[in-house]
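Trainee: Build the 3D model from these lines:
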Amino acid sequence: MTTQSETATRSNVLKNLRELHSESVTRTQAFYKEQRIIQQDICKILRDSPKTVPELARATGYPTHEILWHLTAMKKYGIVSENGMCGDYPLYQKVVEK
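Mentor: Alright, predicted model coming up:
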């Protein structure tokens, strides 16, 4: 169990760190917000039907390398999966949550 003084000390240390690194924290929060928006844009398009990386890039306006990076991460965490091929490109679809 932690005492009140330990909790207060920990709170002060965290407050000081946030103040010291506020610029970095702000930049990181903005970066993650942007990443979430891109992921949501991709997911909106994949709800209708499976798409290839070039199709997603055209639909979202993001570069293909950025789409591929996000799809790789989303595939790793089970948000999207591959669903066959369209020519030389894999088709990606949103995983249906049960």
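Trainee: where are the low-confidence patches of the chain?
Mentor: Residue ranges of the chain with pLDDT under 70: 1-2, 98.
Trainee: Now do residue 32 against residue 7, distance only.
Mentor: Counting by CB to CB, to the nearest Å, the gap between residue 32 and residue 7 amounts to 28 Å. In short, each C-beta sits where N, CA and C put it, glycine included.
Trainee: One more: residue 42?
Mentor: The gap separating residue 42 from residue 7 is 41 Å, by CB to CB.
Trainee: Neighbour count for the two, which is higher?
Mentor: Neighbours per residue (other CB atoms under 10 Å) separate residue 42 from residue 7, with residue 42 holding more: 24 against 10.
Trainee: List the buried residues in the helix or strand encompassing residue 40.
Mentor: Using DSSP states H and E, residue 40 sits in helix 22-46. Across helix 22-46, burial judged by 16 or more other CB atoms under 10 Å covers 39, 41, 42, 45, 46.
Trainee: Would you format those residues as a markdown table with distance to residue 26 included?
Mentor: Output for these, formatted as a markdown table (distance: CB to CB, whole Å):
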| residue | distance to residue 26 |
| --- | --- |
| 39 | 21 |
| 41 | 23 |
| 42 | 25 |
| 45 | 30 |
| 46 | 31 |
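Trainee: Could you report the neighbour count for residue 93?
Mentor: By other CB under 10 Å, neighbour count at residue 93 equals 16.
Trainee: so who does it touch?
Mentor: Residues in contact with residue 93, defined by CB atoms under 8 Å, 6 or more residues apart in numbering, are 46, 49, 50, 51, 80, 81, 82, 83.
Trainee: Okay, and which of the residues you listed map to helices?
Mentor: Assigned to helices by DSSP state H, the following of the contacts of residue 93 qualify: residue 46.
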